[in-house]
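Asker: for reference, the sequence and a predicted model appear below.
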Amino acid sequence: MQKNLLMIVITLVLISGGLSGCNEADTVTTDNFVGTWKISGVNYTEIYTFSSDGSYLMTNPGTNESLQGTWELKEGKFIMRVEWEEHFADYIFDYSFSNNNTILTLTEVSTGLKRDFIRQ
């Protein structure tokens with residue numbers, strides 16, 4: 001009886017340990033980011049198109065302004081490089097996907113600012 005109980009406990013520990021290592025971030029690849037995403041605020045809307053070659057284009061339909069740069073996944077972070085004239089800035093984000101990968105949440109590491117992008 002004690003042997004059976006011990007086997008059940010060991011089996012449950014192994015199963016729970018294996019499942020605790022599974023999360024959505026484990027299966028994220030660059031393909032999850034590729035496509036067009038929309039973010040809206042009180043006075044703005046921005047459309048981001050992330051391409052499979054690591055480039056992106058941000059457009060603001062209200063002002064007709066655009067910005068381009070590059071993006072990559074590196075060491076578990078989403079990094080966007082904004083480029084203008086001869087200057088650039090790197091923004092580093094934690095990321096998560098929800099709602100069947102239709103919502104991308106980016107949280108800027110340096111400020112904690114969180115933004116939700118909706119797949120278009």
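Answerer: Everything's here; your move.
Asker: the strand ranked longest in the chain packs against which elements?
Answerer: Across the chain, the longest stretch assigned as strand under DSSP state E is strand 87-98. The helices and strands touching strand 87-98, judged by 3 or more C-beta pairs under 8 Å, 6 or more residues apart in numbering; DSSP states H and E, are strand 77-84, strand 103-108. For glycine as for every other residue, the C-beta is placed from the backbone atoms N, C-alpha and C.
Asker: out of these, deepest packed?
Answerer: When these are scored by mean count of other C-beta atoms under 10 Å, the highest mean neighbour count falls to strand 103-108 (a mean of 17).
Asker: what is the neighbour count of F50?
Answerer: Neighbourhood size, F50 [other C-beta atoms under 10 Å]: 23.
Asker: that one contacts V34, correct?
Answerer: Yes. Counting by C-beta atoms under 8 Å, V34 is a contact partner of F50 at 5.5 Å.
Asker: so what's the most centrally placed residue in the chain closest to, chain neighbours aside?
Answerer: Closest to where the C-alpha atoms of the chain average out (C-alpha atoms, centre = their mean) is Y95, at 3.4 Å. Nearest residue to Y95, sequence neighbours excluded (C-beta to C-beta, 6 or more residues apart in numbering): F78, at 4.5 Å.
Asker: on that earlier part again, residues contacting the residue nearest to the centre of the chain?
Answerer: Y95 makes contacts with V28, K77, F78, L104, T105, L106, T107, as judged by C-beta atoms under 8 Å, 6 or more residues apart in numbering.
Asker: separation between T45 and N64?
Answerer: 12 Å (C-beta to C-beta, to the nearest Å).
Asker: the two: which is more packed in?
Answerer: Between T45 and N64, T45 has the larger neighbour count (other C-beta under 10 Å), namely 13 against 7.
Asker: from R119, how far out is S98?
Answerer: Taking C-beta to C-beta, one finds S98 at 11 Å from R119.
Asker: which one's more surrounded, the two?
Answerer: Neighbour count, other C-beta under 10 Å: between S98 and R119, R119 has more, with 16 against 11.
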